[in-house]
Every structure is written in structure tokens, then in C-alpha cells.
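S.K.: using only what follows, build the 3D model:
(one chain, ligands or ions: 3)
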Amino acid sequence: GSKWPELKITYRITKYPSGLKKSKTDKDVKKAFDAWSEVSPLSFVQKTSRKQADIEISFESGDHGDEDPFDGPGGILAHAYFPADGGDVHFDDDEIWTVKISSQNINLFRVAVHEFGHSLGLEHSKVRGAVMYPFYTGADSDFQFHPDDINGIQTIYG
Ligand SMILES: CC(C)C[C@H](C(=O)NO)C(=O)N[C@@H](CC(N)=O)C(=O)NCc1cccc(N)c1
Ligand SMILES: [Ca+2]
Ligand SMILES: [Zn+2]
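M.R.: Residues are numbered from 1 along each chain as shown. Ligands and ions are numbered 1, 2, ... in the order given. Below you'll find the predicted structure:
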């Protein structure tokens, strides 16, 4: 629920994953924001300064200071807050994050696209195959939004 009042949104990665290179993390996070830019009037800028950003992203383990502690490897992979609640995104640092198309490990881009959907105001979708479907179904080489995702973001931001 809720939406961002401006179309230019800033983000900052405040804590990086323990098992993935910073450069690879920056790249997949940017790719996930770029995917949403392609299907909406939104644009995203990474803040590297210590200055506050709209969407703050961090990789956390277990109890990390909000009411939703993570659960170790598997299970919950990440969670995100809706715009009205700040829009921040936490990834579970106990997952094995990868930028590869892997069956074993968790593809950062695919999860980030899903989480950023929440940060932009989208709820879970009932449509299997939609990015906003509640369950991670692995990553394939050619990523595509489902019409349900596109309808969702365009309903909010036009
Ligand atoms: C109740 C929520 C905190 C669950 C949490 C989620 O939906 N976060 O957005 C989550 O991590 N769900 C897992 C469920 C699971 N373990 O299969 C998930 O994969 N969600 C992220 C995700 C990533 C990529 C694609 C899709 N469809 C879903
Ligand atoms: Ca987990
Ligand atoms: Zn979700």
C-alpha cells in the first residue's frame, strides 16, 4: 500500500552481504531498480554519501532491530517496507546470495526486483509467474515482468 510522492527516488546500501562482492551487489541492485524504471515513470539514484536516502538497503542476520527477525538459511529471504513505512529493504545475510543463474543459491537480482516492488507499494500477487508472487521460483536467464506486475505498478504511478 501507499506510494512515493516524487518519481525520482534515492537508495543507499548501508550494509553489504558477507558473501558477495560489493561491486556485484551494487550492479544487481541497480539492475533491479532499472527493471522497475522500464515499466514505470520512476527513476532511481544510488547515494554513496552518508546522507539519508529514500530506500535504505542492508543485509542482516537474525534479529536486526525490527520486529521481523530473520530465520537463518532458507525460509524468509528478505523483507521490505511499503513507502508509508519508509520503504527500506533487508536481505537475509544467512542466504547464499549470487549474481549467477543458480539452482542452489539465491539470485540477488530476482529477490531484489520482488522486494523493490514492495518498497514501491506493491503487495503480493496471486498470479504464479508474477514477480510479486510470494514464492521465489529460481532465476532464469531472460527476466520478464508478468502483466500483473506491470498493471500493479502502473495503477500506482501511472
Ligand atoms: C512474509 C514475508 C516476509 C516473506 C518474504 C517476502 O515475501 N518478502 O518480500 C519472503 O522472503 N518470502 C520468500 C518465500 C520463500 N522463501 O519462498 C520469498 O522467496 N520471497 C521473495 C521472492 C523473491 C523472488 C521472487 C518471488 N516471487 C519472491
Ligand atoms: Ca532465511
Ligand atoms: Zn514479498
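
S.K.: tell me the bridge partners for the residue in the chain that ligand 2 sits nearest to.
M.R.: Ligand 2 sits closest to Asp92 of the chain, with a gap of 3.9 Å, by CB to the ion. (Glycine included, C-beta is placed from N, CA and C.) For Asp92, the beta-bridge partners are Glu60 (DSSP bridges).

S.K.: make sure it is actually in contact with Asp71.
M.R.: Yes: at 7.4 Å, Asp92 and Asp71 qualify as touching, with contact defined as CB atoms under 8 Å.

S.K.: packing partners of the longest helix along the chain?
M.R.: Counting by DSSP state H, the longest helix found in the chain is helix 22-38. Using 3 or more CB pairs under 8 Å, 6 or more residues apart in numbering; DSSP states H and E as the contact test, the elements touching helix 22-38 are strand 8-15, strand 43-46, helix 108-120.

S.K.: out of the ones you listed, which one sits most buried?
M.R.: Here the criterion is mean neighbour count by mean count of other CB atoms under 10 Å, and of the helices and strands packed on helix 22-38 the winner is helix 108-120, at a mean of 24.

S.K.: got the angle for that one vs helix 22-38?
M.R.: For helix 108-120 against helix 22-38, the angle by axes from the mean of the first three to the mean of the last three CA atoms, to 10 degrees is 50 degrees.

S.K.: any idea of the pLDDT on Gln144?
M.R.: Reading off the confidence values, Gln144 has pLDDT 96.

S.K.: ok, the one 5 residues further on next?
M.R.: In this model, Asp149 is scored at 98, pLDDT.

S.K.: and it, its phi and psi?
M.R.: Dihedral pair for Asp149: phi -70, psi -40, per degrees, to the nearest 10.

S.K.: on that earlier part again, give me the residues contacting the longest helix of the chain.
M.R.: Helix 22-38 is contacted by residues 11, 13, 16-17, 42-44, 46, 57, 97, 99, 108-109, 112-113, 116-117, 120, 143, 145, 153 when judged by CB atoms under 8 Å, 6 or more residues apart in numbering.
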